[in-house]
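In: Coordinates for the following, if possible.
(one chain, ligands or ions: 1)
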Amino acid sequence: MGLAKASEGQNKQQYSRLFKLESNKNVSVNMRVLWSNNGCDIKWDWLRRLRGRTIDEETELKNMILNYSKSAIQTDTWRWILAGSGQFTTKELTKLIDEDLFFRENSLIHDETLRNHLAPLKVEVFIWRLIRGRLPVRLELNKRAIDLHSVLCPLCDDYPESIDHVFFFCKSSYDLWDRVYKWWGFGVCLNLNTNDAFRGKSSSGLSIAEEQVWQVVEWTTAYFIWNNRNRKVFSNQDGVCANTLMEIQLKAYEWVTGRLRNKKIDWLCWLTDPKASIIDT
Ligand SMILES: [Zn+2]
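Out: Have a look, this model is predicted:
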C-alpha cells in the first residue's frame with residue numbers, strides 16, 4: 001500500500017494493521033484516492049470495521065494523503081528553477097548561457113584582466129562579450145546573414161556599426177571617453193581599442209586600488225554607451241547626452257563602494273579628483 005508504487009513497501013510496513021484489513025492487497029493508496037482540483041476523496045475498502053489503533057492509523061494516513069494532496073496541488077505548475085522568480089524568460093536564459101560561457105572561458109584562459117571584484121558580474125560578462133565580439137552590432141549581425149535595413153551606426157548614421165566604432169570612434173562615444181579621461185585627470189584620450197581599453201592596464205602610474213576602480217569606470221562607461229545605443233535603436237531616444245558622465249559617476253560609485261574592503265570613496269572628492277577620493281577606512 002503506498003501513495004505511489006515507489007513507496008508501496010514503506011507504507012505497507014508503516015501501516016501494517018491497516019494493510020491486514022485492506023480487501024485488495026495489490027491496490028495502491030493512489031487507487032483509493034480520487035484526485036480533483038479541490039483536493040481528494042478517499043474511498044477505503046476494509047475487510048471489517050476499523051477499531052482501536054487501526055482508527056489512529058487511518059487518521060494518520062488520511063492526514064498524510066491530504067497534506068500530500070495540498071502540496072501536490074500547490075506545486076503543480078512549471079517553475080523555471082534557474083531564476084529566482086520561477087519565471088522563464090529568454091533574457092534570463094541568455095544571461096545564464098553568457099555567464100556559463102564566461103566562467104568556462106575564464107577558467108580556461110585564467111584571464112584575470114577581465115575579473116574585477118569591484119564590478120557586478122553582469123558588467124564583467126558584458127565586457128567579456130564586448131571583447132569577444134559577441135554584442136549584436138549591425139556589422140556582426142550582417143556577418144551572420146541577418147537581414148538589416150542598414151549596417152550604419154544608429155547613433156551617427158555615417159559609418160558601419162562595428163564594436164570599435166560604436167564604443168570608441170563614434171563621435172558621441174569619443175566625446176564621452178574624453179570627458180571620462182579628463183575627469184580622471186588623464187588629459188587626452190589615446191589609443192582606444194577594445195583589447196587595451198578594458199583590461200585595467202594604464203600607463204598613468206595608478207596604485208593597484210586606483211587601477212581597479214579605474215577599470216570599473218571604463219567598464220561602466222562602455223556599459224552606458226551600449227545602453228544608450230540600445231535606447232536609440234529600440235526607443236529612438238537620444239544616445240549619449242550631457243548627463244551621461246554624471247550617470248557613470250553615480251553608477252560606478254554605487255558599484256565600487258558596495259564592494260570595497262578596507263577602503264571607501266569620498267563622494268564629493270570622487271566628482272572632482274577620483275584618484276584622491278579612494279581612502280583607507
Ligand atoms: Zn557612429
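
In: show me where pLDDT drops low in this protein?
Out: Applying pLDDT under 70 to the chain flags the ranges 1-13, 37-39, 68-88, 102-111, 188-192, 201-203, 239-242.

In: Which residues of it lie near the ion?
Out: 153, 155-156, 170 (Cβ under 5 Å from the ion). The way it works is simple: take the backbone N, C-alpha and C, and place the C-beta from them, glycine included.

In: can you put the residues you listed in JSON lines and add secondary structure and neighbour count?
Out: Shown next, in JSON lines, are those (DSSP: H, G, I helix; E, B strand; the rest coil; neighbours: other Cβ atoms under 10 Å):
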{"residue": "153", "secondary structure": "coil", "neighbour count": "25"}
{"residue": "155", "secondary structure": "coil", "neighbour count": "22"}
{"residue": "156", "secondary structure": "coil", "neighbour count": "16"}
{"residue": "170", "secondary structure": "coil", "neighbour count": "24"}
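
In: Which of those sits closest to residue 273?
Out: residue 170 (28.7 Å; Cβ to Cβ).

In: Make sure that closest one is actually in contact with residue 154.
Out: No. If you go by Cβ atoms under 8 Å, residue 170 and residue 154 don't touch, sitting 9.5 Å apart.

In: My guess is residue 164 contacts residue 194. True?
Out: Yes. At 6.1 Å, residue 164 counts as touching residue 194 under the criterion of Cβ under 8 Å.

In: would you list every one of the helices in the protein?
Out: 8-14, 16-21, 29-32, 53-74, 90-109, 121-131, 138-143, 163-164, 171-183, 194-197, 208-235, 244-257, 267-272, 274-277 (DSSP state H).

In: that older thread, ok, of the residues of the chain next to the ion, which one's closest to residue 92?
Out: Distances from residue 92 to the residues of the chain next to the ion, taken by Cβ to Cβ, are shortest for residue 155, at 28.2 Å.

In: quick check: domain ranges of the chain?
Out: Following automatic domain parsing, the chain resolves into domains at 5-74, 78-104, 111-280.

In: Buried deepest among those, which one?
Out: Counting by mean count of other Cβ atoms under 10 Å, domain 111-280 has the highest mean neighbour count of the domains of the chain, with a mean of 16.

In: Spit out the contact partners of the residue nearest in space to the middle of the chain.
Out: Against the mean C-alpha coordinate of the chain, by Cα atoms, centre = their mean, the closest residue is residue 95 at 5.5 Å. Residues near residue 95 by Cβ atoms under 8 Å, 6 or more residues apart in numbering: 122, 125.

In: Over to residue 50?
Out: 18, 21, 58.

In: Apart from its neighbours in sequence, what residue is nearest the last one?
Out: Put plainly, it is residue 58. residue 50 (5.7 Å; Cβ to Cβ, 6 or more residues apart in numbering).

In: Let me know the distance separating that neighbour from residue 59.
Out: Distance, residue 50 to residue 59, using Cβ to Cβ, to the nearest Å: 10 Å.

In: Equivalent analysis for residue 251, please.
Out: Residue 251 is 60 Å from residue 59, by Cβ to Cβ.
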